[in-house]
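S.K.: no letters, just coordinates:
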């Protein structure tokens, strides 16, 4: 097992705060085995996480979110920031170049808090479906496992938003993540 540099760990500080230094170091060491295909998947995930961050920043900027909802949205944004930082660190540690793109989102009309929450739900569902779809594509199984870990966080976001919107207990129409 190779050593992970202090600079790499510092660059992933938001992710370390979420998962801890030992798990983050394990993820970065696994990234060393990443091939071009794995790096491409990681870069797609980085673009997706940037879109999530932007969506929550934009939502906060509307002034439509009540303080408790804004607090949860800020927490979700921190999760997306930690994911982005971990994915960037993994690409760098694998010797790749992190992409700079942000997945384009089509914003609906946002006149109320519920409009924003419905949009956030759609974004989180897409994120969950995307992470689920890429798990089998990773050649490195530790990277697949990390993707599954992020998937779990995205589905938690979906569940919280679904409950907040009063949409019931089955956010995926029967308990399965779909696109």
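M.R.: Received it, and whenever you're ready, just let me know what you need. What you are looking at is a predicted structure, and each value in this text was computed from that prediction instead of being measured.
S.K.: low-scoring stretches of the chain, by residue?
M.R.: 1-27, 29-30, 168-179 (pLDDT under 70).
S.K.: just the helices in it please.
M.R.: Per DSSP state H, the chain carries helices over the ranges 6-11, 13-19, 21-31, 36-61, 67-93, 113-134, 141-164.
S.K.: skipping its backbone neighbours, what lies nearest residue 79 in space?
M.R.: The shortest distance from residue 79 to any non-neighbouring residue, by CB to CB, 6 or more residues apart in numbering, is to residue 153 (5.5 Å). In this view, the C-beta of every residue, glycine as well, is placed from N, C-alpha and C.
S.K.: burial of the one you found, as a residue count?
M.R.: Residue 153 has 19 neighbouring residues, counting by other CB atoms under 10 Å.
S.K.: and the one 4 residues further on, by the same measure?
M.R.: Here the neighbour count serves as a burial measure; for residue 157 (other CB under 10 Å) it reads 24.
S.K.: next: residue 91.
M.R.: Residues near residue 91, counting by other CB under 10 Å, number 22.
S.K.: what residues are up against it?
M.R.: Counting by CB atoms under 8 Å, 6 or more residues apart in numbering, residue 91 touches 31, 34, 39, 42-43, 46, 97-99.
S.K.: same thing with residue 117?
M.R.: So residue 117 contacts 69, 161, 164-165 (CB under 8 Å, 6+ apart).
S.K.: what about it, distance to residue 77?
M.R.: Noted for residue 117: a distance of 14 Å to residue 77, by CB to CB, to the nearest Å.
S.K.: one more: residue 108?
M.R.: Here the criterion is CB to CB. By it, residue 108 lies 19 Å from residue 77.
S.K.: of the two, give the one with the bigger neighbour count.
M.R.: residue 77 (18 against 11).
S.K.: give me the neighbour count for the residue lying closest to that one once chain neighbours are set aside.
M.R.: Leaving out its chain neighbours, the residue that sits closest to residue 77 by CB to CB, 6+ apart is residue 56, at 3.8 Å. Number of residues near residue 56 (other CB under 10 Å) recorded here: 25.
S.K.: lovely, talk soon.
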